[in-house]
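>>> Generate coordinates for the sequence data below:
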Amino acid sequence: MSKVVLHFSMSLDGFIAGPGVTVASPMGEGDAGLHLHDWIFEKPQDAIDAEAAEQMQAGTGAVVLGRRTFDVGIGEWKDVPYPAPCFVLTHRPQAPLAQKSGAFTFVADGIESAIAQARAAAGDRDVTVMGADTAQQALKAGLVDELKLQVVPILMARGVRLFDRLGVDGIDLELIRQAQSPRVTHLHYRVLK
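Next up, the predicted model:
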C-alpha cells in the first residue's frame, strides 16, 4: 500500500518559499527561495543529494497539490511535477488536464478524497503532497505517513512556512534516517499514529 509523504526543502527557520509567491516569482521574491533547491539542480551534485533526488522521483506514484501550487507551477513545469497522476485540491473544479508525463485531475470534495484517489493511482509507490496549505490539511487530517525534509543551511526570516496553521496539539515523529551533504541535511521521519 502506498504511503503519503511530504517532500519539502526548507530553510533552517522553517520556510519553503520566500514572501510574495506569484506566477512570476514561484519561489517568492528574491533569491532565497530558489536556493532551497540548489541541492537538486546545481552541478556537480553530491552523491547523497543525487540519491535523495532519485528516490524522491522514482518513489512517487501520484501527487496531491493545491490549486495555488498548480497555478504557480504549471508554467514552470511545462508538464506534471513528477511523471505520475496529479490530483489538484480546488474549489474551482475543471476537466482533467492531460500532460506529457501524466494528467492533472481536479478534486473539489476535500483532502481525504484527493488522497484516496492518489493512493489508488499510486499503487505501491508513494503519494507526494506538494504545497504548504495542502500539506497542512493532510497533517491535520492524520493522512500523512512520512516526512522527508531537506533542511538547507540558510535563514530566510520570512516567507511561506511549512508547519504554520496545523491546528493540532502536536504530531509525534520517529527519525528513520538522516544524511548530510555540504548543501543540505536530509531528514526522514515516520509519523507516529
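
>>> Could you use CA atoms for every contact and neighbour count after this?
Fine.

>>> Can you give me the neighbour number for residue 43?
8 (other Cα atoms under 10 Å).

>>> Then residue 30?
Residue 30: 12 neighbours (other Cα under 10 Å).

>>> How about residue 65?
Using other Cα under 10 Å, residue 65 is surrounded by 27 other residues.

>>> Quick check: end-to-end length of stretch 8-24?
Between the opening and closing residues of stretch 8-24 there is a gap of 21 Å (Cα to Cα, to the nearest Å).

>>> typed the wrong thing, it's stretch 94-113
Start-to-end, stretch 94-113 (Cα to Cα) is 16 Å.

>>> Can you point out the buried residues in it?
Neighbour-count burial for stretch 94-113 flags 102-107, 111 (criterion: 16 or more other Cα atoms under 10 Å).

>>> what residues are up against the residue nearest the centre of the chain?
Residue closest to the average C-alpha location in the chain (Cα atoms, centre = their mean): residue 130, at 3.2 Å. Residue 130 makes contact with 6-8, 63-66, 69 under the criterion Cα atoms under 8 Å, 6 or more residues apart in numbering.

>>> Tally up the residues packed near residue 149, please.
Residues near residue 149, counting by other Cα under 10 Å, number 19.

>>> In a strand, it, correct?
Yes. Assessed with DSSP: H, G, I helix; E, B strand; the rest coil, residue 149 lies in a strand.

>>> re the thing from before, so in terms of bridging, what pairs with the residue nearest to the centre of the chain?
On the basis of DSSP bridges, residue 130 is bridged to residue 65.

>>> what do you get for residue 15?
residue 161.

>>> And it, how far from residue 164?
On the measure of Cα to Cα, residue 15 and residue 164 end up 10 Å apart.

>>> On the pLDDT front, check the residue nearest to the centre of the chain for me.
With respect to pLDDT, residue 130 has a value of 97.
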